[in-house]
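[1] Next one to model:
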Amino acid sequence: MRKKALIMTWEGYQDQEVIYPFYRLLEDDFEVDVSASTPGEIHGILGTKMTATKSLDEINPEDYDLLILPGGVKALEKLRQEPRALAFINFWDSKGKIIGSTCHGAQLMISAKIVQGRKISGYYSIKDDITNAGAEYVDAPFVIDKNIVSSPHYKHMGKWMKETIRLFNEQNDKGNKGF
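    Next up, the predicted model:
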């Protein structure tokens, strides 16, 4: 089975939250695209560089199997203002496809209006935002609610990505196309 993942981010991303999932997915034989405002070099808040392979205009949910929403306050404050990104996430969730979200990635899910009635983790400073959006905030290394695997902090990257890939494999091994 061909596996293709999309990491949706922006300039000013949280370095660990993009780099670790990127290489972890490659290790598990995923093809990985990184989307940002435009293709080309983007920079993390700690100075790392990544190549955005796609712009928001170039991504199509039908082309991907797994969606990763990393954090980074600066990146997410910009990205959550992009209607195309929010529509992509909302459509993705409506299909029951797996979303891995960490730290401030929860802000994208809030703005895409997909968290109501769910258990969601995110960085402690957005606990009120998660709660006010109608979700139950959970502070744990990872939280699984249907097709979403969320985590509050990059210190949990290993456990979070392990569960994200496990859930993806479980969903796809059964031939399940959604929840």
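
[2] phi, psi of the residue most central in space within the chain?
    In the chain, the residue lying closest to the centroid (CA atoms, centre = their mean) is residue 69, at 1.8 Å. As for residue 69, its main-chain torsions (degrees, to the nearest 10) stand at phi -120, psi 90.

[3] With residue 47 instead?
    Dihedral angles (degrees, to the nearest 10) for residue 47: phi 100, psi 0.

[4] residues touching it, list them.
    Residues in contact with residue 47 (CB atoms under 8 Å, 6 or more residues apart in numbering) are residue 15. No exception for glycine: its C-beta is placed from N, CA and C like everyone else's.

[5] gap between it and residue 40?
    For residue 47, the distance to residue 40 equals 17 Å [CB to CB, to the nearest Å].

[6] circling back to that earlier point, thought the residue nearest to the centre of the chain was touching residue 99?
    Yes: Residue 69 lies in contact with residue 99 (CB atoms under 8 Å); the separation is 6.5 Å.

[7] Quick one: find the helix or strand in the protein with the lowest mean pLDDT.
    helix 73-79 (a mean of 92; mean pLDDT, DSSP states H and E).

[8] what's in contact with that one?
    By CB under 8 Å, 6+ apart, the list of residues contacting helix 73-79 reads 8-14, 37, 45, 85, 104-105, 107-108.

[9] Buried residues of it, list them for me.
    For helix 73-79, burial by neighbour count (16 or more other CB atoms under 10 Å) applies to 73, 75, 76, 78, 79.

[10] can you list these in TSV and add distance to residue 152?
    Below are those laid out as TSV (distance: CB to CB, whole Å):
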residue	distance to residue 152
73	14
75	17
76	14
78	21
79	19
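
[11] quick one: which of these is nearest residue 159?
    residue 76 (21.6 Å; CB to CB).

[12] Packing partners of the lengthiest helix in the chain?
    Determined from DSSP state H, the single longest helix within the chain is helix 157-173. Counting by 3 or more CB pairs under 8 Å, 6 or more residues apart in numbering; DSSP states H and E, the packing neighbours recorded for helix 157-173 are helix 15-27, strand 66-69, strand 99-102, strand 148-151.

[13] Much appreciated, bye for now.
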